[in-house]
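[1] Pasting the sequence and the predicted model now:
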Amino acid sequence: MIDFVLASTSPARKKLLSEAGIKFRDLAPGVDEDQMVEELAPQTPSELTGLLAKAKAEAIAAAETTSLILGCDSALFFEGQILGKPLESSVAIERWKSMRGKSGWLYSGHHLIDAQNSQAISLVTSTEVFFADLSDREIEIYVATEEPLQVAGAFTIDGLGGAFVERINGDYHTVVGLSLVGLRKMMVELGLDYQSLWR
């Protein structure tokens with residue numbers, strides 16, 4: 001049995017793995033994301049999410065020396081800007097007013113460490129997301145739920161915000177924040193059996 005550790009406390013990622021039948025532990029990586037971004041100044045959403053996913057996985061791997069560890073990070077790329085968590089209601093409202101009726105790309109970075117065999121692999125996936133043309137009132141009610149404040153791009157596809165995503169072009173799980181297809185591919189690359197993660 002593989003000891004699989006998710007280097008994240010994201011409720012969406014934990015729910016996704018549970019529903020996929022995967023047995024795992026979740027640990028908070030304790031990475032200062034803002035400081036890392038300031039120091040490393042990534043230029044693209046792919047670079048940003050890849051760097052942060054790697055940092056999270058490596059933070060856990062320092063202590064979990066026999067585990068399989070997955071770090072993840074997500075960001076929305078919209079009209080030339082990399083958008084993370086809005087954190088404040090005013091930011092989320094303005095963001096939604098600019099996004100409504102348009103599309104952006106959700107990027108999810110993954111870094112998988114096989115600590116027992118000293119191997120690691122990275123993968124960044126992306127999916128185009130088409131947003132509904134919401135009214136000001138719909139935006140304000142949604143933001144008042146506080147759901148969009150702590151998620152990349154100020155929306156979820158698997159929660160209240162699901163009604164505001166009209167369609168996607170790509171992998172649904174990438175938009176949630178963890179590509180199961182990507183996880184399987186990374187495990188194959190490392191010579192591991194994805195199905196061994198099933199409970």
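    On my side now, so go ahead.
[2] alpha carbons only for contacts and neighbour counts from here, please
    OK.
[3] Isn't Lys23 up against Phe4?
    Yes: the criterion here is CA atoms under 8 Å, and Lys23 meets it with Phe4 at 7.1 Å.
[4] Can you pull the residues that touch both of these two?
    When contacts are counted by CA atoms under 8 Å, 6 or more residues apart in numbering, Lys23 and Phe4 have Leu197 as shared neighbours.
[5] neighbour-wise, which of the two wins?
    Phe4 (19 against 16; other CA atoms under 10 Å).
[6] Distance check, that one against Ala28.
    As for Phe4, its distance to Ala28 is 14 Å (criterion: CA to CA, to the nearest Å).
[7] Which parts of the protein are helices?
    11-19, 33-40, 45-61, 89-99, 136-144, 172-176, 180-189 (DSSP state H).
[8] Would you mark the buried spots in the fourth one?
    Right, helix 89-99. Ser89, Ala92, Ile93, Arg95, Trp96, Lys97, Met99 (16 or more other CA atoms under 10 Å).
[9] Would you mind measuring from Ser46 to Arg167?
    22 Å.
[10] These two - which one has more neighbours?
    Set Ser46 next to Arg167 and count neighbours by other CA under 10 Å: Ser46 wins out with 21 against 16.
[11] Ile139 and Arg95 touch, don't they?
    No: between Ile139 and Arg95 there is no contact under CA under 8 Å: 9.7 Å.
[12] Need the mean per-residue confidence for stretch 112-119.
    Computed over stretch 112-119, the mean pLDDT rounds to 94.
[13] Identify all contacting residues around that stretch.
    54, 57-58, 61, 64-71, 120-122, 186, 190.
[14] 7 Å instead?
    Ala57, Ala61, Thr65, Thr66, Ser67, Leu68, Ile69, Leu70, Gly71, Ala120, Ile121, Ser122 (CA atoms under 7 Å, 6 or more residues apart in numbering).
[15] tell me the least confident of these?
    Thr65 (81).
[16] Please name the residues that touch that one.
    So Thr65 contacts Ala115, Gln116 (CA under 7 Å, 6+ apart).
[17] What is the neighbour count of Glu146?
    Neighbours of Glu146 (other CA under 10 Å): 15.
[18] what about stretch 35-54, start to end distance?
    So stretch 35-54: terminal residues 15 Å apart, CA to CA.
[19] what comes up buried for it?
    In stretch 35-54, counting by 16+ other CA under 10 Å, buried: Pro42, Pro45, Ser46, Glu47, Leu48, Thr49, Gly50, Leu51, Leu52, Ala53, Lys54.
[20] Please state the offset of that stretch from the chain centre?
    Put simply, stretch 35-54 sits 13 Å off its chain's centre (CA atoms, centre = their mean, to the nearest Å).
[21] For that stretch, give me every contacting residue.
    With CA under 7 Å, 6+ apart, stretch 35-54 has contacts from 33, 71-75, 77, 82, 107-111, 124.
[22] What subset of these is buried?
    When the contacts of stretch 35-54 are checked for burial by 16+ other CA under 10 Å, the buried set is 71-75, 77, 82, 107-111, 124.
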